[in-house]
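S.K.: no sequence for this one, just the structure:
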């Protein structure tokens, strides 16, 4: 296997692993956050506005970790920084 | 109509016009389109507003948007909501319009380019100390960085930078992933599912605009009134 296909295979596998492991933690965290927010709203429906706002801000914070993983996988698949180096090495 | 090819992740790479070092890419064009739409629309609507009982439909829509934005800001900042209103409201309206216009074919959201979202996040990065210093003075603002003691200074500085990065990457990641998912679905199942994803994209765009504005407001509010709250807590504990 030449170096170009090693880099391609490693990038794709790394992107898949990064996405799947990186989605587990935020999914669990968001589930817990929504769970406790829903039970709080059920207990105190008058506080719905501030609870919903805090929930959204917290969800955005949690979600950003999954978004980091997604951006890294996207960079690995679409804009891999090692491609230019490897292709230059292989061509020259 | 496909503006950004599926193997590129940013509309920065789509170049419409190039003359010397002046490069007009898709991000610039659509940013100016959104800005022109907002400005011209607002001018046209507010040209003949009336304070009376019967108002036009457009004036009603605009009043609903503005009053709800102002209500949300007042909920967070408690005092002096009108001084933040122009900044936060502009951020919200720009991101909202550039997100929800993606239902129009041939349009690429400028917020799906990292350059646009970084520019917006840098605006927030500079607005936080600006509002903080005008609200509580330079000395008090700098003292915030050394609270509770001086060991926390590097962590405060790191927090400023990392939350700016998070603001930019969050908006970019959401919008870019949405466009990529639609492009992939169009290639796989072109009949029905892209429409559902577009409808979901309306909600995503609205929520992301809301989150960006709310987070900017929370950062600004924490910089401009953190000292008062800390004082309250100390008084309460005594």
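M.R.: Structure's in. What do you need? Owing to the predicted nature of the structure, the values given are computational and were not obtained by experimental measurement.

S.K.: for chain A, what are the nearby residues on chain B?
M.R.: Selection of chain B residues close to chain A by C-beta under 8 Å from any C-beta of the partner chain yields B:7-9, B:72, B:75-76, B:166, B:169-170, B:172-174, B:176-177, B:180, B:207, B:210-211, B:214-215, B:218. The way it works is simple: take the backbone N, C-alpha and C, and place the C-beta from them, glycine included.

S.K.: Select the helix or strand of chain A having the lowest average pLDDT value.
M.R.: Using mean pLDDT, DSSP states H and E, the weakest-scoring helix or strand in chain A turns out to be helix A:81-91, at a mean of 76.

S.K.: ok, back up a step: just the buried residues of the residues of chain B next to chain A.
M.R.: B:9, B:72, B:76, B:166, B:169-170, B:172-174, B:176-177, B:180, B:210-211, B:214-215, B:218 (16 or more other C-beta atoms under 10 Å in any protein chain shown).

S.K.: top helix in chain B by residue count?
M.R.: helix B:193-237 (DSSP state H).

S.K.: what packs against that one?
M.R.: helix A:48-78, helix B:57-77, helix B:81-100, helix B:114-136, helix B:138-145, helix B:153-188 (3 or more C-beta pairs under 8 Å, 6 or more residues apart in numbering or on different chains; DSSP states H and E).

S.K.: Taking chain B, what residue is nearest to chain A?
M.R.: Closest residue of chain B to chain A, C-beta to the nearest C-beta: residue B:173 (3.6 Å).

S.K.: so that residue sits right up against residue A:67, yeah?
M.R.: Yes - at 3.6 Å, residue B:173 and residue A:67 qualify as touching, with contact defined as C-beta atoms under 8 Å.

S.K.: Run the angle between the least confident helix or strand of chain A and helix A:48-78 for me.
M.R.: Interaxial angle of helix A:81-91 relative to helix A:48-78 (axes from the mean of the first three to the mean of the last three C-alpha atoms, to 10 degrees): 0 degrees.

S.K.: Run through who's touching helix A:81-91.
M.R.: Here helix A:81-91 makes contact (C-beta atoms under 8 Å, 6 or more residues apart in numbering or on different chains) with A:2, A:3, A:4, A:7, A:11, A:75.

S.K.: Now restrict the residues you listed to buried residues only.
M.R.: Buried residues within the contacts of helix A:81-91, counting neighbours by 16+ other C-beta under 10 Å: A:7, A:11.

S.K.: Wait, a helix at residue B:106?
M.R.: No - secondary structure of residue B:106 (DSSP: H, G, I helix; E, B strand; the rest coil): coil, not part of a helix.

S.K.: mind checking pLDDT for residue 74?
M.R.: The chain I'm using is chain A. On the pLDDT scale, residue A:74 is placed at 83.

S.K.: Sorry, I should have been clearer: chain B.
M.R.: If you check residue B:74, the pLDDT there is 87.

S.K.: Leaving out the residues flanking it, which one is nearest to it?
M.R.: residue B:81 (4.1 Å; C-beta to C-beta, 6 or more residues apart in numbering or on different chains).

S.K.: Appreciated, that's everything.
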